[in-house]
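Asks: Sequence first, then the predicted structure, then my questions.
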Amino acid sequence: MFRSLKVLLVMLSTMALTACSAGDLFDDVDMPGSGSSFSGGLNIVAATELKPLEPVLDDASQDLGFDITMTTEDGTLANSRSLKQGGFDGSYDATWFATNRYARIIGADEKLRKEHSVARSPVVLGVQPSVAKEKGWTTKQPTWQEIADSGITFGMTDPSTSNSGFSALSAATTAFADTGRALTEKDIRQATGKVQKLFSNQTLTSGSSGWLADRFREHPEQADAILNYESVLYQLKDEGVDLEVVIPSDGVISADYPLSALASSPDQEAEGKVQALAEWFAEHPEKLRSYHLRVDDSDMPGTIFELPYPANEQTVSALEDAFAHELRNPGNTALVLDTSGSMEGERIDLLKNSLRPLIDGSADGSPDGEGQVAFRNREQIKLIPYSSEPQQPTRARVDLQNPATTKELADRVDRLVADGDTATFEAVLNAFNEVDTSSGEIGTVVLMTDGEVTRGRTFAQFKEAYEQLPPEKKEIPVFVILYGEANIQEMEELAQLTGGKTFDALNGDLAAAFEEIRAYQ
């Protein structure tokens with residue numbers, strides 16, 4: 001009996017030692033959720049609307065024991081295209097997009113490891129309270145058809161560059177098609193009339209959900225509503241914006257915010273860190289709820305009926321093309337071109353070379369280009385060169401079936417010569433007169449300049465003249481493309497005053513600036 005007891009004690013001791021050894025060894029292995037066992041940090045490329053969650057990642061970093069950084073320069077669709085082109089290879093460890101569905105459709109999902117969906121946010125309407133009450137939407141969720149029939153004006157991001165815009169367009173078209181399945185090219189054609197009626201009321205477009213939210217907050221007179229992520233709309237309410245969140249009853253498409261390690265990450269621990277972060281979110285759902293993201297369907301008001309995302313790249317391309325050239329309100333765009341003496345040489349060549357692809361359509365053909373970059377069908381274009389004074393505009397209505405409609409634009413660009421002083425603000429005021437939005441077209445002014453103002457009105461005098469413009473003219477944003485020695489501060493103030501945005505082409509990458517700016521027109 002004593003011998004048996006001794007053997008038993010030895011066995012128990014051995015098991016205890018083995019357990020301790022295993023535990024010590026376990027601490028040195030990359031186990032999900034054991035943050036202190038990881039070395040190095042986690043570098044995430046994320047969708048722009050997730051930028052407000054940076055403080056949450058700081059909390060997660062402290063708990064998990066490794067640094068977490070997040071870059072939010074682009075939206076989900078642009079990020080997905082960069083992913084496919086290898087733009088993140090070796091530079092990032094993980095992605096956090098609104099969805100990976102677009103990446104899968106365009107064949108970029110092979111760049112991703114296992115995904116961990118951590119939250120949801122449907123794309124819905126944020127409506128001015130008086131309008132929502134008048135339409136009866138404070139007590140009843142409207143259908144997409146009822147929204148179209150209501151005639152309310154709204155803003156939405158460009159579906160070719162932004163996931164919120166693409167999700168809204170897809171949801172509305174799928175609901176109108178009413179087939180109970182993922183959208184097809186045939187469905188798009190059959191639903192054209194209803195979709196056109198809905199988007200005939202669009203008065204704002206943009207390249208990002210954040211800019212659209214800011215525009216709606218600062219210029220509520222420009223639209224009755226915006227289509228955006230539910231989380232973004234509730235964050236606007238937190239900031240004091242008075243709006244009603246309205247969910248279409250016959251379906252929406254939601255972001256599902258998957259965390260995914262990149263296959264190209266140089267960090268062998270990236271997958272473990274991503275899983276640890278996903279598990280941390282699961283353990284701290286209040287962190288996501290505080291930003292109005294849905295962790296489950298019971299934590300936010302309204303009934304959600306989820307519609308399917310388009311199933312293939314052909315359907316996606318067909319929908320984006322139809323929207324750009326047929327379904328949306330056409331743009332009414334004035335391009336104000338600095339041809340002063342300081343533009344002589346390389347700069348005027350850059351300007352010409354950036355305009356030609358927009359005119360001949362080849363801008364859409366670049367392998368890493370984003371969205372519908374070239375001039376769109378039915379778009380009204382005005383070229384307004386200026387130096388010491390504004391020159392006579394060249395005008396054209398784009399007809400993709402008739403290339404001759406844009407020949408005069410191309411000829412004018414070829415004739416541009418750099419000479420004289422710089423009367424920037426005189427030219428911008430002329431551009432406001434050229435942009436006509438009375439028939440519902442989406443108006444924008446694009447200023448391309450490299451030099452400080454040396455002739456005509458000063459910025460202070462421009463502001464005085466601007467305040468005297470009719471209300472409909474003051475709703476036209478001025479987007480400024482900066483390069484050369486432009487007075488950056490003054491140009492940024494011009495964009496801010498008019499509700500526009502500045503784009504950096506200081507390094508000569510004017511084509512890239514145009515790719516971005518076209519999403520706002």
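Replies: Done, it's in.
Asks: quick one: secondary structure of Thr444?
Replies: Recorded secondary structure, Thr444: strand (DSSP: H, G, I helix; E, B strand; the rest coil).
Asks: quick one, what contacts it?
Replies: Applying C-beta atoms under 8 Å, 6 or more residues apart in numbering to Thr444 gives the contacts 331-334, 435, 476-479, 500, 520-521. Every C-beta, even on glycine, is put in place using the N, C-alpha and C of the backbone.
Asks: For the stretch 1-150 of the chain, which segments are assigned as helices?
Replies: 2-27, 54-64, 76-84, 101-105, 129-135, 144-150 (DSSP state H, counting those that start in this stretch).
Asks: Just list what the fourth one packs against, helices and strands only.
Replies: With contacts taken as 3 or more C-beta pairs under 8 Å, 6 or more residues apart in numbering; DSSP states H and E, helix 101-105 sits against helix 76-84, helix 313-322.
Asks: what mean pLDDT does it have?
Replies: Mean per-residue pLDDT for helix 101-105: 96.
Asks: buried ones in it?
Replies: Neighbour-count burial for helix 101-105 flags 101-105 (criterion: 16 or more other C-beta atoms under 10 Å).
Asks: how long is stretch 180-196 from one end to the other?
Replies: 21 Å (C-alpha to C-alpha, to the nearest Å).
Asks: and the residue nearest to the spatial centre of the chain, what does it touch?
Replies: For the chain, the residue nearest the mean C-alpha position is Ser208 (2.9 Å; C-alpha atoms, centre = their mean). Residues in contact with Ser208 (C-beta under 8 Å, 6+ apart) are 48, 75, 157, 162, 519.
Asks: and the residues you listed as CSV, adding pLDDT and distance to Leu416?
Replies: Below are the contacts of Ser208 laid out as CSV (pLDDT from 0 to 100; distance: C-beta to C-beta, whole Å):
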residue, pLDDT, distance to Leu416
Thr48, 90, 35
Gly75, 87, 33
Thr157, 93, 32
Ser162, 89, 32
Ala519, 82, 25
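Asks: Report the buried members of the residues you listed.
Replies: Neighbour-count burial (16+ other C-beta under 10 Å) applied to those gives 48, 75, 157, 162, 519.
Asks: just to revisit the earlier point, for Val398, find the nearest of the helices and strands packed on helix 101-105.
Replies: Proximity to Val398 (C-beta to C-beta) singles out helix 313-322 among the helices and strands packed on helix 101-105, at 14.3 Å.
Asks: ok, for Arg457, nearest residue in space, not its chain neighbours?
Replies: In space, and not counting its chain neighbours, Arg457 is closest to Phe425: 4.3 Å by C-beta to C-beta, 6 or more residues apart in numbering.
Asks: Please point out which parts of the strand or helix carrying that neighbour sit buried.
Replies: Using DSSP states H and E, Phe425 maps to helix 424-434. Neighbour counts over helix 424-434 (16+ other C-beta under 10 Å) mark 424-432, 434 as buried.
Asks: I'd like to know which of the helices and strands packed on helix 101-105 is closest to Tyr257.
Replies: helix 76-84 (9.7 Å).
Asks: Tell me how this protein divides into domains.
Replies: Listed domain ranges for the chain are 1-28, 35-117+258-289, 123-255, 330-520 (source: automatic domain parsing).
Asks: For Asn312, find the nearest of those.
Replies: That would be domain 35-117+258-289 among those, by C-beta to C-beta, at 6.3 Å.
Asks: At which residues are the helices of the stretch 201-350 of the chain located?
Replies: So, for the stretch 201-350 of the chain - with DSSP H, counting those that start in this stretch - the helices run 209-218, 230-238, 270-283, 285-289, 313-322, 346-360.
Asks: Identify the residues contacting the last one?
Replies: With C-beta under 8 Å, 6+ apart as the contact definition, helix 346-360 has outside contacts at 335, 337-339, 343, 362-363, 373-375, 383, 403, 406, 409-410, 413-414, 416-418, 448, 450, 483-484, 508, 510-511, 513-514, 518.
Asks: Repeat the analysis, applying 7 Å as the threshold.
Replies: Helix 346-360 is contacted by residues 337, 339, 343, 363, 373-375, 406, 409-410, 413, 416, 418, 448, 450, 484, 508, 510-511, 514 when judged by C-beta atoms under 7 Å, 6 or more residues apart in numbering.
Asks: from those residues, which would you call buried?
Replies: The buried subset of those - by 16+ other C-beta under 10 Å - is 337, 339, 343, 363, 373-375, 406, 409-410, 413, 416, 418, 448, 450, 484, 510-511, 514.
Asks: before we move on, the earlier item: among the domains of the chain, single out whichever gets nearest to Glu306.
Replies: Of all the domains of the chain, domain 123-255 comes closest under C-beta to C-beta, at 6.1 Å.
Asks: Quote the end-to-end distance of that closest one.
Replies: Start-to-end span of domain 123-255 (C-alpha to C-alpha) is 8 Å.
Asks: and what of stretch 55-71?
Replies: 13 Å.
Asks: neighbouring contacts of it?
Replies: So stretch 55-71 is contacted by 35-36, 38, 40-46, 54, 273, 276-277, 280, 287 (C-beta under 7 Å, 6+ apart).
Asks: go with 10 Å
Replies: Here stretch 55-71 makes contact (C-beta atoms under 10 Å, 6 or more residues apart in numbering) with 33-47, 50-51, 53-54, 79, 88, 91-94, 96, 269, 273, 276-277, 279-281, 283-284, 287-288, 290-291.
Asks: still on that earlier bit, going by mean pLDDT, which of the helices of the stretch 1-150 of the chain comes out lowest?
Replies: helix 2-27 (a mean of 35).
Asks: What score does the residue nearest to Asn433 when sequence neighbours are not counted have for pLDDT?
Replies: Distance criterion C-beta to C-beta, 6+ apart; nearest residue to Asn433, sequence neighbours excluded, is Lys473 at 8.0 Å. On pLDDT, Lys473 comes in at 94.
Asks: Contacts only, for Lys473.
Replies: The neighbours of Lys473, taking C-beta under 10 Å, 6+ apart as the test, are 429, 432-433, 435-437, 443, 445, 466, 498.
Asks: want to try JSON lines for the residues you listed, with pLDDT and distance to Ser254 as columns?
Replies: Formatted as JSON lines, the contacts of Lys473 follow (pLDDT from 0 to 100; distance: C-beta to C-beta, whole Å):
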{"residue": "Leu429", "pLDDT": "96", "distance to Ser254": "44"}
{"residue": "Phe432", "pLDDT": "97", "distance to Ser254": "40"}
{"residue": "Asn433", "pLDDT": "94", "distance to Ser254": "43"}
{"residue": "Val435", "pLDDT": "95", "distance to Ser254": "36"}
{"residue": "Asp436", "pLDDT": "92", "distance to Ser254": "38"}
{"residue": "Thr437", "pLDDT": "91", "distance to Ser254": "33"}
{"residue": "Gly443", "pLDDT": "94", "distance to Ser254": "32"}
{"residue": "Val445", "pLDDT": "96", "distance to Ser254": "35"}
{"residue": "Tyr466", "pLDDT": "96", "distance to Ser254": "41"}
{"residue": "Thr498", "pLDDT": "93", "distance to Ser254": "34"}
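Asks: just the buried members of those residues?
Replies: Neighbour counting with 16+ other C-beta under 10 Å marks 429, 432, 435, 437, 443, 445, 466, 498 as buried within the contacts of Lys473.
Asks: distance of the last one from Val428?
Replies: Think Thr498. Distance, Thr498 to Val428, using C-beta to C-beta, to the nearest Å: 9 Å.
Asks: shared neighbours of those two, anything?
Replies: Where contact means C-beta under 10 Å, 6+ apart, the residues bridging Thr498 and Val428 through contact with each are 445, 447, 466, 478, 480.
Asks: Was I right to think the last one contacts Ala431?
Replies: So the one you mean is Val480. No: counting by C-beta atoms under 10 Å, Val480 stays clear of Ala431, with 12.0 Å between them.
Asks: which stretches of the chain have low pLDDT?
Replies: The chain contains residues with pLDDT under 70 at 1-36, 297-299, 364-372, 506, 508-512.
Asks: With that, I have no additional questions.
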